[in-house]
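> sequence unknown, structure follows:
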């Protein structure tokens, strides 16, 4: 047998540190990372405007104000990376357990995005995993991520106060699970169906929201996303029809709701191919417990995915 390929180490470490910096920067700027870089618009002044129209002391004052919010940046970074790390380690450790070749997590920093990252991915030789192994590897990530995301979100919701009208450059749509939590915890000022404005956010709430978003996206039942792994191991080739029906419904929703911000995600899914490839042995039984857990996990995208996500205010 050929010797196993060595895992790349330095690139995953570099990307992890870069994602730490990008999420820290986004949190420190209260999820407006481009304010210092772009022209202002409307009535909200931007730092670049101060640079053009005011003495240098005004720019320094603004920079010091951002620097004073380092605690918000650190808390958001810690909570966000904790959720993503747990998710990816769920996949990685399960792959190691079954001796399926897998890379270390590659985190994706996006310092100009309001959330600071596009999550993380793991490269894996899925053709080496049988049906049961693929089920365990696919579902371990979302479950591990939720174990961290739910307490983070719970603490963030406890700090929410929506009695003051919100302001800011964007607002968040809430998934069903967050709406239930907000109602059950009786957040002051919360009304069913309302969006959360940028000024009303705290680092734990924002990290929890992103954690649910990432988990909901990954559990979509298509291609080689986590949800695609689960549906294929549950239903075999019938999962291909589930993926096709889902994509048709997604296209109809995007056009009907004018949610064109999801178009890029849809294109990526088509590029990956919607159908899940076969495992090394599709005949391996998964047992009644895994089957029940898998069917229950299909509710994750319904509960965790915010249909409109981030909307510009």
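Looks like it arrived, so ask away. Nothing here was measured: the structure is a model prediction, and the numbers come from that model.

> for the helix or strand encompassing residue 77, packing partners?
Secondary structure from DSSP states H and E places residue 77 in helix 70-97. Applying 3 or more Cβ pairs under 8 Å, 6 or more residues apart in numbering; DSSP states H and E, one finds that helix 70-97 makes contact with helix 10-28, strand 117-121, helix 131-158, helix 203-218. Heads up, the C-betas are built off the backbone N, CA and C, glycines and all.

> name the next helix or strand downstream of the third one, please.
It refers to helix 131-158. strand 170-172.

> ok, that following strand: who's next to it in the sheet?
Next to strand 170-172 in the sheet, as set by DSSP bridges, lie strand 196-197 (antiparallel), strand 310-312 (antiparallel).

> relative to residue 10, which of those is closest?
With Cβ to Cβ, the closest approach to residue 10 among those belongs to strand 310-312: 32.8 Å.

> residue 104: what's it in contact with?
Neighbour list for residue 104: 7, 8, 9, 12, 92, 122 [criterion: Cβ atoms under 8 Å, 6 or more residues apart in numbering].

> hang on, it in a helix?
No. Counting by DSSP: H, G, I helix; E, B strand; the rest coil, residue 104 falls outside a helix, being coil.

> and the gap between it and residue 169?
As judged by Cβ to Cβ, to the nearest Å, residue 104 and residue 169 stand 35 Å apart.

> ok, residue 206 next?
14 Å.

> looking at the two, which one has more neighbours?
The neighbour comparison of residue 206 against residue 169 (other Cβ atoms under 10 Å) goes to residue 206, with 28 against 20.

> so what sits opposite residue 312 in the bridge?
residue 170.

> and it, how many residues sit next to it?
8.

> ok, now residue 33?
Neighbours of residue 33 (other Cβ under 10 Å): 21.

> what sits closest to it if chain neighbours are left out?
Spatial nearest neighbour of residue 33, excluding adjacent residues (Cβ to Cβ, 6 or more residues apart in numbering): residue 26 at 4.9 Å.

> isn't that neighbour up against residue 75?
No. Taking Cβ atoms under 8 Å as the definition, residue 26 is not a contact partner of residue 75, at 11.9 Å.

> these two - which one has more neighbours?
residue 26 (29 against 19).

> OK, contacts around that one?
With Cβ under 8 Å, 6+ apart, residue 26 has these contacts: 33, 73, 76, 111, 113, 114, 115, 116.

> next one, pLDDT for the third one please.
Note for residue 76: predicted pLDDT of 95.

> ok, it - contacts?
Contacts of residue 76 by Cβ under 8 Å, 6+ apart are 23, 24, 26, 27, 116, 203, 206, 207.

> for the first one, same thing?
Contacts were defined as Cβ under 8 Å, 6+ apart; by that measure residue 33 touches 25, 26, 111, 112, 113, 114, 116.

> again with the fifth one
Contact criterion Cβ under 8 Å, 6+ apart gives 26, 33 as the residues in contact with residue 113.

> next one, pLDDT for it please.
At residue 113, pLDDT is 88.

> quick check: it vs residue 27, distance?
In terms of Cβ to Cβ, residue 113 sits 12 Å off from residue 27.

> ok, residue 293 next?
Counting by Cβ to Cβ, the gap from residue 293 to residue 27 is 34 Å.

> which of the two has more neighbours?
residue 27 (28 against 16).

> please name the nearest non-neighbouring residue to the more buried one.
That would be residue 76: by Cβ to Cβ, 6+ apart, it lies 3.0 Å from residue 27.

> repeat for residue 212
Residue 212 sits nearest to residue 304 (Cβ to Cβ, 6+ apart), 4.1 Å away.

> need the pLDDT of the closest residue to residue 149 other than its chain neighbours.
Setting aside the residues directly before and after it, residue 149 is nearest to residue 211 in space (Cβ to Cβ, 6+ apart), at 3.3 Å. Looking at residue 211, its pLDDT reads 95.

> just residue 19 next, same as before
Per the predicted model, pLDDT is 96 at residue 19.

> tell me who's in contact with the residue nearest the centre of the chain.
Nearest residue to the geometric centre of the chain (Cα atoms, centre = their mean): residue 214, 2.3 Å. Contact partners of residue 214, counting by Cβ under 8 Å, 6+ apart, are 83, 84, 87, 119, 145.

> what number of residues lie near the residue lying closest to residue 158 once chain neighbours are set aside?
Nearest residue to residue 158, sequence neighbours excluded (Cβ to Cβ, 6+ apart): residue 185, at 6.8 Å. Using other Cβ under 10 Å, residue 185 has 12 other residues around it.

> can I assume residue 108 sits in a strand?
Yes. Judged by three-state DSSP, residue 108 forms part of a strand.

> mind listing what it touches?
15, 19, 117, 118, 119, 120, 121.

> redo that, cut-off 6 Å
117, 118 (Cβ atoms under 6 Å, 6 or more residues apart in numbering).

> many thanks, we can stop here.
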